[in-house]
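Student: kindly generate the corresponding structure for this input.
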Amino acid sequence: MRRTSRRKVSALVAAAVLLGLTAGCAGGGGAAAASAAPTPSASKTITVSSRAFEDGGTIPRRYTCDGENVSPPLDFDGVPGDSAELVLLVEDPDAPHGTFVHWVVWGIDPHETALGAGELPNGAAQGRNGFGKRGYGGPCPPEGKPHRYVFSVFAADEKPALPMGASADDVKRALTGHITAYGTLVGRYGR
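Tutor: Okay, here's the model as predicted:
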């Protein structure tokens, strides 16, 4: 796939993520109200990349439930200098019953340009994922066709007031009208 096509796909995936659909990977959950999603009005783009896999590439087993289940290394470029903080969401839009949340993180220092494998920056908070736990839950799709995992990074113009263990929907509501830039990285994993 050409680079511009990947960007278009990434932009479409990001727009779908912003619609706020959430549900369980293997069951349960449901769609969130459209009003719960931030509007994709950010004019600036953050480049999100990983040393572990390329955009559209396969996520190595180490970063999945079949391996060590640690978050992959991530790099951010193009974060606006006046950002108050960064927010990271990892979601599987191919889950059987709707989008499944794998990681919710806010409070990332906007000067942070990289996260190491399994790393959570000082001062950052983690929300509740689709497994019902706080923290990262790696790709763990049912057998069959590989799923896409969308790593979305949002720059916010103010720090959202969120309770510990907030859900992805809570974060999306808090970001509404406050996103100054965003970017995505898409990885694939199948069993």
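Student: ends of stretch 117-129, how far apart?
Tutor: 18 Å (Cα to Cα, to the nearest Å).
Student: residue 101 and residue 95 touch, don't they?
Tutor: No: if you go by Cβ atoms under 8 Å, residue 101 and residue 95 don't touch, sitting 9.4 Å apart. Where you see a C-beta, it was placed from the backbone N, CA and C, and this is true even at glycine.
Student: the chain: strands as residue ranges?
Tutor: With strands called from DSSP state E, the chain shows them at 21-23, 29-31, 44-45, 47-49, 74-77, 85-92, 100-108, 114-115, 125-126, 147-156, 179-189.
Student: okay, the closest residue in space to residue 112 that isn't next to it in sequence: pLDDT?
Tutor: Nearest non-adjacent residue to residue 112, counting by Cβ to Cβ, 6 or more residues apart in numbering: residue 121, 5.3 Å away. Predicted confidence (pLDDT) for residue 121: 88.
Student: for the nearest residue to residue 190 once chain neighbours are set aside, give its distance to residue 139.
Tutor: Nearest residue to residue 190, sequence neighbours excluded (Cβ to Cβ, 6+ apart): residue 146, at 2.9 Å. Residue 146 sits 9 Å away from residue 139, going by Cβ to Cβ, to the nearest Å.
Student: overlap in contacts of the two?
Tutor: residue 189 (Cβ atoms under 8 Å, 6 or more residues apart in numbering).
Student: compare the two (neighbour count), which wins?
Tutor: residue 139 (26 against 15; other Cβ atoms under 10 Å).
Student: all set, thanks.
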